[in-house]
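Participant: Next come a sequence and a model predicted from it.
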Amino acid sequence: MAAPPIVDGLFRLDDQSLTLLGGVSRSTGLRHFPRRPVCPFTGADDVTDVDLAGTGRLLWWTAVATAPPGYQGPVPYGLGVVALDGEPELRVVGRLTESDTAALAAGDRMRTVPIELDTEDGARTTWAFEPIEGPT
């Protein structure tokens, strides 16, 4: 059994498959994450739930070498921005499963995966982006 989510409502976890839960404005088609009751871009209050794509392309990345306050896991760890598949483009910041910055390149294909983190409240599940090897 997976550890409880780090925050409720950010994703759905099914048999080791993780889906980020976003919102989309019916009037503009703009997607956002995490889901909010109003569109963060236009203020429209016509937001509905949307399952976000589980794949995308890497835009920017770095390795975090110093643990932030309260973080009890290993360092370094990767952190990046991924443009999720779909239109219009939606960029999501998240942890990367790869911490070696030399092993990554702009445009690398990525997929969302669940990972467990040790927190002050015990183990929690969150999402990370993992490089996809080979053709997609």
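Facilitator: Okay, I see it.

Participant: Look up how far residue 39 lies from the most far-flung residue of the chain relative to its centre.
Facilitator: The centre of the chain is farthest from one residue, residue 27, which by Cα atoms, centre = their mean lies 24.9 Å away. Noted for residue 27: a distance of 8 Å to residue 39, by Cβ to Cβ, to the nearest Å. For glycine as for every other residue, the C-beta is placed from the backbone atoms N, C-alpha and C.

Participant: got it, and residue 25?
Facilitator: From residue 25 to residue 39 the distance is 4 Å (Cβ to Cβ).

Participant: Could you tell me which residues touch both of the two?
Facilitator: Shared contacts of residue 25 and residue 39, defined by Cβ atoms under 8 Å, 6 or more residues apart in numbering, are found at 46-47.

Participant: re earlier: report the set of residues contacting both of residue 27 and residue 39.
Facilitator: Joint contacts of residue 27 and residue 39 (Cβ under 8 Å, 6+ apart) are residue 46.

Participant: Bridged to the spatially most central residue of the chain, which residues?
Facilitator: With distances taken as Cα atoms, centre = their mean, the residue of the chain nearest its centroid is residue 94 (4.6 Å). On the basis of DSSP bridges, residue 94 is bridged to residue 80.

Participant: Could you pull up the residues touching it?
Facilitator: Contacts of residue 94 by Cβ under 8 Å, 6+ apart are 79-80, 82, 112, 127-129.

Participant: Now for those residues: which two are most distant?
Facilitator: With Cβ to Cβ as the measure, no two of the contacts of residue 94 lie farther apart than 79 and 112, at 14.6 Å.

Participant: Compare the two and say which one has the larger neighbour count.
Facilitator: The residue with more neighbours, out of residue 79 and residue 112, is residue 112; 22 against 17, by other Cβ atoms under 10 Å.

Participant: would you say the more buried one is within a strand?
Facilitator: Yes - assigned with DSSP: H, G, I helix; E, B strand; the rest coil, residue 112 falls within a strand.
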